[in-house]
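**Student:** here's my sequence, what's the structure:
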Amino acid sequence: MTAETHLRRDAAANRERILDAARRLFADQGLEASMDEIARAAGVGAGTLYRRFPTKEALLDAILGDVLDRYYAFAQEALQQHDAFAGLELLLERSARLQLENRAFLDILALRLRDEPQLAEARERIRPLVDQLVARGQEQGTLRADLAPADVQVLLWELGRVVETTAGSGSDLWRRYLALMLDGLRAGAARTLPHPPPTAAQIDRAMAETAERRGLHSKRPARRA
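**Tutor:** The predicted structure is shown next:
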C-alpha cells in the first residue's frame with residue numbers, strides 16, 4: 001500500500017466516523033449539538049472535522065437527507081390511501097413518531113440553511129406530494145376547503161414542538177393535540193380561518209430567519225486547533 005493510498009483510506013475512515021457521530025448527536029440533541037461535540041464523539045480533531053465540513057450546515061446537508069427521504073416515503077404512502085383524509089392523518093402521525101426518533105427532523109422542516117443543496121432538493125420533491133394530498137382530500141369533501149398545502153408544514157411545526165417538549169417524560173400527549181388538529185381540518189369545521197395561508201416565499205423567509213436567530217448560518221472559524 002502506498003502512502004497516498006493509506007492517507008486516502010484514513011481520510012475516508014475519518015469522514016465516516018464524523019458522519020456516524022453527527023447522526024447520533026443530531027438525533028439525540030437536535031441541531032443544538034456543537035461541532036466540537038461531534039469531533040470529540042468521532043475521535044477526530046476539530047481541524048479534521050472543519051476540513052471536511054467547513055460549516056454545520058454542510059454537515060447537516062450531508063447526513064439528514066435520509067430523514068427527509070423517510071418523510072417522502074410517508075407522503076407517498078399517504079397518497080396511496082383511498083381516503084385522502086386518512087392519508088393526511090397517517091402522514092401527521094408518522095411525522096410525529098419520526099420526531100420522537102430523531103430530534104433534528106423538526107429542525108430540518110422548520111429551518112432553511114444557506115448551505116443545504118441536498119436538503120433543499122429533498123423538500124422540493126416532497127412539496128408536490130403534499131399538494132396532491134390536500135387537493136384530493138378537498139375533492140373528496142372530507143378536508144376543509146380553505147386549507148392550503150403550506151398550512152400542513154406549519155401544523156407539522158406545531159405538532160413537532162409538542163413532541164419535543166413532552167418526549168422526555170415518555171408521554172403520548174402529542175396524540176391529544178393531533179386529534180384536536182385533525183378535527184379542525186375536517187370539512188364543515190365550525191369557523192372560517194381568519195387569515196390567508198402563508199405563501200411559499202413567506203415560509204422560506206420564516207425558515208431562514210429562524211436559522212439566523214439560532215446562529216446556524218455560521219462561517220468557518222479562522223483557525224481551529
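**Student:** how far is the top helix by length along the chain from where the chain is centred?
**Tutor:** The single longest helix within the chain, with elements called by DSSP state H, is helix 3-29. For helix 3-29, the distance from its own C-alpha centre to the chain's C-alpha centre is 22 Å (C-alpha atoms, centre = their mean, to the nearest Å).
**Student:** so what does the next helix or strand along the chain from that helix touch, helix or strand wise?
**Tutor:** Under the assignment DSSP states H and E, the closest C-terminal helix or strand after helix 3-29 is helix 35-42. Helix 35-42 makes packing contacts with helix 3-29, helix 46-52, helix 56-63 when contacts are defined by 3 or more C-beta pairs under 8 Å, 6 or more residues apart in numbering; DSSP states H and E. The C-beta positions use only the backbone N, C-alpha and C, and glycine is treated the same way.
**Student:** contacting residues around helix 35-42?
**Tutor:** Residues outside helix 35-42 that contact it (C-beta atoms under 8 Å, 6 or more residues apart in numbering) are 14, 17-18, 20-22, 24-25, 45-46, 48-50, 53, 56, 59.
**Student:** off-centre distance for that helix?
**Tutor:** Here helix 35-42 is found 22 Å from its chain centre; the criterion is C-alpha atoms, centre = their mean.
**Student:** what's the answer for stretch 132-139, then?
**Tutor:** Centroid separation between stretch 132-139 and its chain, computed with C-alpha atoms, centre = their mean, is 23 Å.
**Student:** what comes up buried for it?
**Tutor:** For stretch 132-139, burial by neighbour count (16 or more other C-beta atoms under 10 Å) applies to 132-134, 136-138.
**Student:** what's the answer for stretch 58-73, then?
**Tutor:** For stretch 58-73, burial by neighbour count (16+ other C-beta under 10 Å) applies to 58-65, 67-68, 71-72.
**Student:** name the nearest of those residues relative to Ala148.
**Tutor:** In terms of C-beta to C-beta, no member of these lies closer to Ala148 than Tyr71, at 19.0 Å.
**Student:** helices and strands around the strand or helix carrying Leu88, which ones?
**Tutor:** Element membership for Leu88, per DSSP H and E: helix 84-101. Here helix 84-101 touches helix 65-79, helix 104-110, helix 117-139, helix 149-166, helix 173-185, going by 3+ C-beta pairs under 8 Å, 6+ apart.
**Student:** most packed of those?
**Tutor:** Greatest average neighbour count among the helices and strands packed on helix 84-101 goes to helix 104-110 (a mean of 24), per mean count of other C-beta atoms under 10 Å.
**Student:** what average pLDDT does it get?
**Tutor:** For helix 104-110, mean pLDDT is 84.
**Student:** what bits of the chain have low per-residue confidence?
**Tutor:** For the chain, the stretches with pLDDT under 70 are 1-8, 170, 190, 217-225.
**Student:** show me the domain layout of it.
**Tutor:** Annotated domains of the chain cover 3-54, 65-213 [automatic domain parsing].
**Student:** one step back: ChimeraX command to pick out the buried ones of the contacts of helix 35-42?
**Tutor:** Burial among the contacts of helix 35-42 is assessed by 16+ other C-beta under 10 Å; the matching ChimeraX selection reads:
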select :14,17,18,21,22,25,48,49,50,53,56,59
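**Student:** is Asp115 in a helix, a strand, or coil?
**Tutor:** Three-state call for Asp115 (DSSP: H, G, I helix; E, B strand; the rest coil): coil.
**Student:** tell me who's in contact with it.
**Tutor:** 55, 57-58, 61.
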